[in-house]
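Visitor: okay, here's the prediction I keep looking at, along with the sequence it came from:
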Amino acid sequence: MPSEEGADRDGWGDVVPFPGKHRDDEVRRDVGLRELIGEILREERHHQERTLADVAEAAAVSLQYLSEVERGRKDVSSELLGAMHEALGLDLADVLERATRRLHVRSQGGGGLRMLAA
């Protein structure tokens, strides 16, 4: 017998299939870690009134790559994240703490976290 959607399945709770393309009228509320890290780096750079070129040079990464990271379009390795946060004078713990706070706030406003099944 098929289980009802949202019913508890062997202790897994509400498991939602991994989303494909989003419908036009559907608003995407989940923000990935990649986007959050980029957002935090960009905001800190703006707060310090520094240019992309300045921070990219200090971090020894290309301007294009830093721009893509800030816009959440590129994943960043731990080594490059280290270079970027150091170039901005931030501790890695500060970057991750900011990301954690934002994830918590967004999960509260978006109806809670959902587990996505692949």
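Guide: Arrived safely. Numbers count the residues shown, from 1 in each chain.

Visitor: look up how far T51 lies from the nearest residue to L33 once chain neighbours are set aside.
Guide: What sits nearest to L33 in space, not counting adjacent residues and going by C-beta to C-beta, 6 or more residues apart in numbering, is A99, at 6.5 Å. C-betas here are computed from N, CA, C, even on glycine. Noted for A99: a distance of 23 Å to T51, by C-beta to C-beta, to the nearest Å.

Visitor: looking at these two now, which is surrounded by more residues?
Guide: Between A99 and T51, counted using other C-beta atoms under 10 Å, the more crowded position is A99 (17 against 12).

Visitor: and that one, what helix or strand is that in?
Guide: Applying DSSP states H and E as the criterion places A99 in helix 92-109.

Visitor: for that helix, packing partners?
Guide: Packed against helix 92-109, as judged by 3 or more C-beta pairs under 8 Å, 6 or more residues apart in numbering; DSSP states H and E, are the following elements: helix 33-47, helix 78-87.

Visitor: Q108 is nearest to which of these?
Guide: Set against Q108 and scored by C-beta to C-beta, these come closest in helix 33-47, at 15.2 Å.

Visitor: cool, thanks, signing off.
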